[in-house]
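Enquirer: what's the 3D shape of this:
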Amino acid sequence: VQLQASGGGLVEPGGSLRLSCAPSGITLNKYAIGWFRQAPGKEREGVACISMNDDSTYYKDFVKGRFTISRDHAKNTVYLQMNSLKPEDTAVYYCAVCVSWPYEYAYWGQGTQVTVSS
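Expert: As a prediction, the model looks like this:
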């Protein structure tokens, strides 16, 4: 079971990207799904999580108002819309099952690199 992140890339400060999370072996609708990121030399940090039951959303303060997590039940996909990107958002982004927001995750696979630079 793995969740694969995609959609990263190079973007200028102030730009936008939309990340997608596709599962292999599970139905996302049965789990709380989240995103965390890890930059070189830094610890992993949670970014956002969307609940299983009612799609309630949770964000770390540093992305509130800029990032939006959403779920497309029909496509079994979770998205992270990232707007107003900053250089400090540069990291590898992973999607995973939220076991205990914002600290514990499971079933993450290959992440996607997001680089914010001019």
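Enquirer: what is the burial count for L85?
Expert: Counted with other CB atoms under 10 Å, the neighbours of L85 add up to 21. (Glycine included, C-beta is placed from N, CA and C.)
Enquirer: now swap in G34 and tell me
Expert: A count of nearby residues for G34, using other CB under 10 Å, gives 29.
Enquirer: so what's the spatially most central residue of the chain bridging to?
Expert: For the chain, the residue sitting closest to the mean C-alpha position, by CA atoms, centre = their mean, is W35 at 2.8 Å. Beta-bridge pairing of W35, defined through DSSP bridges, involves A48, C95.
Enquirer: need the contact list for it.
Expert: 5, 19, 21, 46-49, 69, 80, 93-96 (CB atoms under 8 Å, 6 or more residues apart in numbering).
Enquirer: now S20
Expert: Applying CB under 8 Å, 6+ apart to S20 gives the contacts A5, S6, G7, T77, V78, Y79.
Enquirer: for ChimeraX, write a command that selects the buried ones of these.
Expert: Buried subset of those, written as a ChimeraX selection, criterion 16 or more other CB atoms under 10 Å:
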select :5,7,77,78,79
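Enquirer: give me the pLDDT for the residue nearest to the centre of the chain.
Expert: Note for W35: predicted pLDDT of 97.
Enquirer: okay, strands next: where are they in the chain?
Expert: Taking DSSP state E as the test, the strands found in the chain are 2-6, 9-11, 17-24, 33-38, 45-50, 57-59, 67-72, 77-82, 91-100, 104-106, 112-116.
Enquirer: most packed of the ones you listed?
Expert: Among those, ranked by average contacts under mean count of other CB atoms under 10 Å, first place goes to strand 33-38 (a mean of 24).
Enquirer: quick check: angle from that strand to strand 45-50?
Expert: Following axes from the mean of the first three to the mean of the last three CA atoms, to 10 degrees, one obtains 170 degrees for the angle between strand 33-38 and strand 45-50.
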